[in-house]
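Peer 1: okay, here's the prediction I keep looking at, along with the sequence it came from:
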Amino acid sequence: MASVTCELRDDVAVVTVDDGKANAYSHELIDELLGALDAAESLRAPVVLAGRPGRFSAGFDLATMTSGNEPMRALLHRGAELLLRLFTFPAPLVIACTGHALAFGGILLFTGDHRIGADGEFKIGLNETQIGLPLPLFAAELARYRLSATGLEDVLFGRVVSPERAVALGFLDEVVGSDEVVDRSMTYAAELADLHGPVVARTKLALRAPVVERITATLDEDLATLTKS
């Protein structure tokens, strides 16, 4: 059964990631999401990327990340490819953060053009240093693009925060009730439907090109030396 779906709803392409568990990103889940993004792009519509109720993403697949440095690096490389695809996606991209967003799940939030979170007892943040993993440079570049100085300090020490606090730090742009987060994201995306696609795509790339270039230039060398302590 597919964990990622793409559905056109009221002129908005809704891409939903739901593996029935924690939405932990494996090679297979990344492949599915990249395929769904290709389908969404072909629809020439603004996109909402949503998680499952209560879980946007718990991060990378733990079994792969703990099976050795080489498998870990390979998965991180695929994750970076996914992040760049989202960060430069040609259509407006609204992220519906439906619950917990930790580690890679928190990094995914940096790629959206607008990020709407679900209110509740959810944890958001990059807890890599708490689990003995240095933050890869691609994640640090995206964090610097989005977060406040206080948010960067929280990343340094692996702190996680509430959705409301995540707005102040730069992980999210707004928070609504958990039963409203997808509908609110669709409404926001629909308001962007009349924007001329090529103009948005070109402007987005112009704004974000320096970040993309730094990530691309340092990715292989950084991951080659990255090890879990």
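Peer 2: Nice, I can see it. Numbers count the residues shown, from 1 in each chain.

Peer 1: show me where this structure has strands.
Peer 2: 4-9, 12-17, 24-25, 47-50, 54-57, 59-60, 93-97, 99-102, 114-118, 124-125, 174-176 (DSSP state E).

Peer 1: using JSON lines, lay out those strands together with distance to Gly79.
Peer 2: Just so you know, the C-beta spots here come from the backbone N, C-alpha and C atoms, and that holds for glycine as well. Output for the strands of the chain, formatted as JSON lines (distance: least, CB to CB, whole Å):
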{"stretch": "strand 4-9", "distance to Gly79": "15"}
{"stretch": "strand 12-17", "distance to Gly79": "14"}
{"stretch": "strand 24-25", "distance to Gly79": "6"}
{"stretch": "strand 47-50", "distance to Gly79": "15"}
{"stretch": "strand 54-57", "distance to Gly79": "11"}
{"stretch": "strand 59-60", "distance to Gly79": "6"}
{"stretch": "strand 93-97", "distance to Gly79": "16"}
{"stretch": "strand 99-102", "distance to Gly79": "14"}
{"stretch": "strand 114-118", "distance to Gly79": "18"}
{"stretch": "strand 124-125", "distance to Gly79": "17"}
{"stretch": "strand 174-176", "distance to Gly79": "25"}
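
Peer 1: among those strands, which is nearest Asp222?
Peer 2: Closest approach to Asp222 among the strands of the chain (CB to CB): strand 59-60, 16.0 Å.

Peer 1: run the chain-centre distance for that closest one.
Peer 2: Distance of strand 59-60 from the chain centroid (CA atoms, centre = their mean, to the nearest Å) equals 11 Å.

Peer 1: show me what it is packed up against.
Peer 2: If contacts are counted by 3 or more CB pairs under 8 Å, 6 or more residues apart in numbering; DSSP states H and E, strand 59-60 sits against strand 24-25, helix 69-87, helix 104-109.

Peer 1: reformat those as TSV; add distance to Ala63, mean pLDDT and mean neighbour count.
Peer 2: Converted to TSV, the helices and strands packed on strand 59-60 look like this (distance: least, CB to CB, whole Å; pLDDT from 0 to 100; neighbours: other CB atoms under 10 Å):
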stretch	distance to Ala63	mean pLDDT	mean neighbour count
strand 24-25	9	98	24
helix 69-87	9	97	18
helix 104-109	14	98	27
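
Peer 1: can you lay out these as TSV showing distance to Thr150?
Peer 2: Listed next are the helices and strands packed on strand 59-60 as TSV, based on distance: least, CB to CB, whole Å:
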stretch	distance to Thr150
strand 24-25	27
helix 69-87	23
helix 104-109	15
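
Peer 1: quick revisit: nearest to Thr203, out of the strands of the chain?
Peer 2: Thr203 lies closest to strand 93-97 among the strands of the chain, at 13.5 Å (CB to CB).

Peer 1: measure the spatially closest residue to Ala143 that is not a sequence neighbour to Phe104 for me?
Peer 2: Once flanking residues are discounted, Ala143 sits nearest to Val155: 5.5 Å by CB to CB, 6 or more residues apart in numbering. To Phe104, Val155 is 13 Å away according to CB to CB, to the nearest Å.

Peer 1: swap in Val182?
Peer 2: Val182 is 21 Å from Phe104, where distance means CB to CB.
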